[in-house]
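Q: Predicted coordinates and the sequence they were generated for:
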Amino acid sequence: NFRAIFKDLLDNMGMDKATAVILGGDSAGGLATYVHADYVRSILPKQTQFVAVPDSGFFMDIGPGNSYHTMMNWVFSYMNSTEGLDMSCVEDTQEHGNTSSCIFAQYTANYIEAPVFALQ
């Protein structure tokens, strides 16, 4: 579990004393970097410098009928992904019934408040 790993890093591995943290990933890890950037920033001490560096994780959602769209919607639904997404995106999209869009970087990127240096 992503949150359990970061809790362990903070509580037992000294991450609570870090002066700078870079969250990064490539491909699917790049997508995860977009999705989790604000969460990671929120659990770090305020004085810790933070930047998210997603690499090649901006996969375009070109809509229904596309296999990537279908697969990611399946992941969202069957893996109960809501709690792992950017909560500001989730809150904003719930009233329109398209919360699953927050699993795509092109939609969640608009909500990220943490500094991001995107590579593609």
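A: Received it, and whenever you're ready, just let me know what you need.

Q: From residue 73, how far out is the residue of the chain positioned farthest from its centre?
A: Centroid-distance maximum for the chain: residue 65 at 24.4 Å, with Cα atoms, centre = their mean. Distance of residue 65 to residue 73, computed by Cβ to Cβ, to the nearest Å: 11 Å. Every C-beta, even on glycine, is put in place using the N, C-alpha and C of the backbone.

Q: Quick check: phi and psi on the residue farthest from the centre of the chain?
A: phi 100, psi -20 (degrees, to the nearest 10).

Q: The chain should start at 264 in everything you say after this.
A: In the new numbering, first residue 264, that becomes residue 328.

Q: how about the lengthiest helix in the chain: buried residues?
A: Counting residues, the longest helix found in the chain (DSSP state H) is helix 291-306. For helix 291-306, a neighbour-count test (16 or more other Cβ atoms under 10 Å) marks 293-304 as buried.

Q: do the same with stretch 279-291
A: For stretch 279-291, the buried set under the neighbour-count rule, 16+ other Cβ under 10 Å, comprises 281, 284, 286-288.

Q: With secondary structure and distance to residue 374 as added columns, please give these in TSV.
A: Listed next are the buried residues of stretch 279-291 as TSV, based on DSSP: H, G, I helix; E, B strand; the rest coil; distance: Cβ to Cβ, whole Å:
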residue	secondary structure	distance to residue 374
281	coil	25
284	strand	20
286	strand	16
287	strand	19
288	strand	18
